[in-house]
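*Asks:* dropping a prediction and its sequence here:
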Amino acid sequence: MLCSRRIYLFTLRHYQVRTLSSDLLLNQINSCTHEDEVFSLVGRNKARLSEKHVGIALNMLWQLQKKRPLLLRTSDYVRSHSQFLTLCILAENKVEHMEDEVVVDTLYSILRLDVEDHNSLAQVLVTEAWKRLERLSLPALSKFALCLYKQRRHFSPVIGKVAHIVDTKLDSIQDIRILSVLMISISDVISQSFRDRLLHKAGQLLEEKEAHFNYARRILLFLPNVKLRYHPLLEKCNKVFLKSAACLDIHNINLIFGVYEQLGFDSAEFRLIAKQILSETVDDCYDRETFAKLFFTLGPMAGFEVRERLLVRALSMAEEFSGHQVLVILKTMQKMKCRKSDLLKKITSVLPKHVDNYHVLQLVKLTQYLVVLGCHDLELFAKLKMLLFSFLKSSVIPADTAAIIRVLAMLPSFHVEEITLNKAAAVLPQCRLHHLNCIATALVKCDRYDQLHWQNSSEQRVKLLQKLNDCGFQRLQQANNLNLLLEELAHVNGEWFEEVIGEEAMAVCQRLLDQITWGNVLQLSFFLMKTNQHCPTLLDRIASVTVENIDKIHPFEIYFILSLFSTLNYDPPANEEFFERCVQHLTSDLSCFETHHLVLLGHVLAVAGYFPPVLITRIFDVSFLSKLDAQLEVLPNTLKQRVCSRLMKLNRAVCLECPEFYIPWFHEHYCQRVFCNSSSRINPLRQHVHRMLTEILGGSHYARVSVLTPYYYEIDFECALDENKKPLSCMDYMEGIHLRHDIKDEGRKALPPRAQRIALEFLNSKAFSKYSRHLKGEPAMKKRHLEMLGYRVVQIPHFEWNSMVMSTKGEQLEYLRRHLYGIQ
């Protein structure tokens, strides 16, 4: 008994001493302030290190590195230290005894210390964590998934297993940080239905809890991974970014702008904040990589002074730029429409040391940028041509082949060679519609170049074009999935699409009519808008699906759908219900629209004849217009001009059609400036018609050419007839503003009682839907407004004026006479 007691006391004392000693060592590791202290402890206590000590030591090494700025980190020193190798060996030997969280933390730490993926410890840790996958806690699971993502195991079976666990436990995840990491990590192996559940869950957590900037950023990065522009989530992420201005630096702003551009999303509020932050850093930015990001992000929205400072700084740093940074600068110059010759010359002078290191798609982009920016360095173009041909000879990827052929055709004096034709012919059967379009565009361009230089098109090229057309038709005819077809058609445009496969593409969409759902009506609307075709079957289906599923479709998507019907001037069978339901859905949540988008929405509805009071009063509010003015400064020039034009047209429509709103006309100076800057010329058709009107009416003073009406509508011809159908002299009733500067505006007089003021308009093909005689929305609204201004509007379609029936002057005179005098 006494002997047993002694053994027990000895064991207890030994255990207590060992525990105390172990805890002391653990505390010492946790108290280290430098990597050398950790290594010193490891060196002195190798025999005493448990699996827990090893895990904590490796984690401490990463924590010490993490505290330092990126450029001051010494990961290379840590990895090359002998005691780091000792820790790795110990960890590998003790991995089976580690707790679950320690296994994952150790893997995370060594990967953050830039240990290579094929390192034996990394492989052992991945295998061990995989074995324990089912029992990992959600925080450990998310960290392990992130490790796999960093190892680029995007499609590995273990990632699939992680995705399955997330799928089963999704409802229990309440931490947005954990969810955001998991979403990024498993994005490549999820189904569409699982993707939608993840999006819904992320949206819920972003609304319920105050999300950190980094979590919103991860969720934002998830969207391009799954190739989806999901507006509800984009808006929620954007709100987080707007509240987190303190977290915004050049790198984060550059990343966010890049994703926004990729997804086709824009936020003027974010642009304003970013512009303010970035403008303050221009003079303090000396690092090449950081400056390239600054130039890319700030350049397109900078004012004149900041823009010039950026260009001067870029010029001074040009020789130091890497190959990738040169591409970023050139891409941004293209966006800025900047042809600053000295900067372009400087960049082209340093390009020879980079071009040999570019891969094929970088070379394609470089060539495109230089051509668009107006580079005239023929020696450089010759070098690019040689490199592109070298890639073309070895290319086996249809997308690469098509891209090379397209950009080769952009080069000065390019002539299609036999190798180009042979490579194109070889890949045609494997090409998607976008690739076929690229090759067709290149071949047609070369044909025109040959004709311009009196050269005959080669028989081989003609046969290739015919084969290309056949491949396009075959691909369309074999299509049986509308979603995949619309995805392909989204990237196809230009002459080949419009003149060769446009009608067939429309026919295929009609064949797949039953596959139109609320999930693809937006993509189908984009396609119909691009084709400019009036197809009642498809339009009616879009309208019915939209009404049935109105609550599932985001208001911003409704805007684009309405834009299609407004532009094409099409009334579906249940027209009033369709527009009223859509307008009600839109106006119930205007907060999801950017300021300038509300203006565009107001114009779309005005063209269709709808003026929701809540929208109109909001737009024509002083504070709203002030906010719009501020945001216009950071919008791209093309979009800025479109918004200003639409606001003017909306102002005009409200003044004419809704006087009860008491909205004043405040675009007088804007219109004067626009028309003063435009070069209005009286074209030969107008001159010809004016001579005939002179003959019909009895003198040139009875008709005016190129007239501006009140509210600045331009009409081709204006004349007036009294109650007996006799013409009135222009000088007696001038009310518009004459565009010809050699005729001054005389005093205006009211028309005699029962006299008619006539607006004669010639409508070209742009006023009608393609392949139809259906008048589009803008010309229809113009006719409506001119009638409100007191005109009898005579619209002469191009297909009537240019028809065989109107081939002689006598027939044209008779046609004009009948329309002027209202003779049936």
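*Replies:* The structure has been received and is ready for your questions.
*Asks:* now Cys446. Nearest residue, chain neighbours left out?
*Replies:* Nearest residue to Cys446 in three dimensions, chain neighbours excluded: Val416, at 4.6 Å (C-beta to C-beta, 6 or more residues apart in numbering). C-beta: built from backbone N, CA, C; applies to glycine.
*Asks:* since we're on the one you found, how many residues are nearby?
*Replies:* Neighbours of Val416 under the rule other C-beta atoms under 10 Å: 23.
*Asks:* please identify the helix or strand for Glu761.
*Replies:* Using DSSP states H and E, the element containing Glu761 is strand 756-763.
*Asks:* other residues contacting that strand?
*Replies:* 685, 689, 693, 709, 715-721, 733, 735, 751, 775, 779, 782-783, 786, 790-798, 801, 819-820 (C-beta atoms under 8 Å, 6 or more residues apart in numbering).
*Asks:* past that strand, which element shows up next along the chain?
*Replies:* Counting by DSSP H and E, the element after strand 756-763 in chain order, helix or strand, is helix 777-788.
*Asks:* which positions in that following helix come out as buried?
*Replies:* 777-783, 785-786 (16 or more other C-beta atoms under 10 Å).
*Asks:* what's the burial count for Pro753?
*Replies:* 7.
*Asks:* quick one: pLDDT of it?
*Replies:* pLDDT, Pro753: 86.
*Asks:* where does it land in three-state SS?
*Replies:* The assignment at Pro753 comes out as coil when based on DSSP: H, G, I helix; E, B strand; the rest coil.
*Asks:* tell me the contacts of it?
*Replies:* Pro753 touches Glu723, counting by C-beta under 8 Å, 6+ apart.
*Asks:* OK, contacts around the residue nearest to Cys446?
*Replies:* Contacts for Val416 were tallied using C-beta under 8 Å, 6+ apart; they are 409, 442-443, 446, 458, 461.
*Asks:* closest to Gln204 among the residues you listed?
*Replies:* Ala442 (48.7 Å; C-beta to C-beta).
*Asks:* ok, that closest one to Leu408 distance?
*Replies:* When distance is defined by C-beta to C-beta, to the nearest Å, Ala442 is 7 Å away from Leu408.
*Asks:* now the strands for this structure?
*Replies:* Secondary structure of the chain (DSSP state E): strands located at 703-708, 714-721, 737-738, 756-763, 791-797.
*Asks:* least confident of the ones you listed, on average?
*Replies:* strand 737-738 - the lowest mean pLDDT of the strands of the chain, at a mean of 44.
*Asks:* a markdown table for the contacts of Val416, including pLDDT, neighbour count and distance to Asp470?
*Replies:* Below are the contacts of Val416 laid out as a markdown table (pLDDT from 0 to 100; neighbours: other C-beta atoms under 10 Å; distance: C-beta to C-beta, whole Å):
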| residue | pLDDT | neighbour count | distance to Asp470 |
| --- | --- | --- | --- |
| Ala409 | 89 | 20 | 21 |
| Ala442 | 88 | 22 | 18 |
| Leu443 | 86 | 22 | 14 |
| Cys446 | 77 | 21 | 20 |
| Ser458 | 69 | 16 | 19 |
| Arg461 | 80 | 18 | 15 |
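*Asks:* Arg152: what's it in contact with?
*Replies:* Applying C-beta under 8 Å, 6+ apart, the residues near Arg152 are Asp117.
*Asks:* count of neighbours near the spatially closest residue to Glu116 that is not a sequence neighbour?
*Replies:* Among residues not flanking Glu116 along the chain, Ala122 sits closest, at 7.5 Å (C-beta to C-beta, 6+ apart). By other C-beta under 10 Å, 20 other residues sit near Ala122.
*Asks:* touching, Ala122 and Leu113? I think so.
*Replies:* No: if you go by C-beta atoms under 8 Å, Ala122 and Leu113 don't touch, sitting 10.6 Å apart.
*Asks:* circling back: residues in contact with the residue nearest to Glu116?
*Replies:* 107, 110-111, 115-116, 151.
*Asks:* now the closest residue to Cys671 other than its chain neighbours: how far from Lys463?
*Replies:* Nearest residue to Cys671, sequence neighbours excluded (C-beta to C-beta, 6+ apart): Tyr712, at 4.0 Å. Look at Tyr712 and Lys463: by C-beta to C-beta, they are 53 Å apart.
*Asks:* which of the two has more neighbours?
*Replies:* Tyr712 (19 against 12).
*Asks:* how near is Pro139 to Ile178?
*Replies:* Taking C-beta to C-beta as the measure, Pro139 falls 6 Å from Ile178.
*Asks:* which one of the two has more residues nearby?
*Replies:* For Pro139 versus Ile178, neighbours defined as other C-beta under 10 Å are more numerous around Ile178 (21 against 14).
*Asks:* just give the closest residue to the more buried one, not the sequence neighbours.
*Replies:* Ser142 (4.5 Å).
*Asks:* ok, which stretches of the stretch 151-300 of the chain are helices?
*Replies:* 157-169, 176-186, 192-208, 213-225, 231-243, 250-263, 268-279, 288-298 (DSSP state H, counting those that start in this stretch).
*Asks:* hey, which of those helices is tucked in deepest?
*Replies:* Of all these, helix 176-186 carries the top mean neighbour count, a mean of 23, counting by mean count of other C-beta atoms under 10 Å.
*Asks:* could you name the helices and strands sitting against it?
*Replies:* The helices and strands touching helix 176-186, judged by 3 or more C-beta pairs under 8 Å, 6 or more residues apart in numbering; DSSP states H and E, are helix 138-150, helix 157-169, helix 192-208, helix 213-225.
*Asks:* the inter-axis angle of it versus helix 138-150?
*Replies:* Here helix 176-186 runs at 30 degrees with respect to helix 138-150, directions being taken by axes from the mean of the first three to the mean of the last three C-alpha atoms, to 10 degrees.
*Asks:* give me the contacts around helix 176-186.
*Replies:* 138-139, 141-143, 145-146, 148-149, 159, 162-163, 166, 173, 198, 201-202, 205-206, 209, 211-212, 214-216, 218-219, 221-222, 225.
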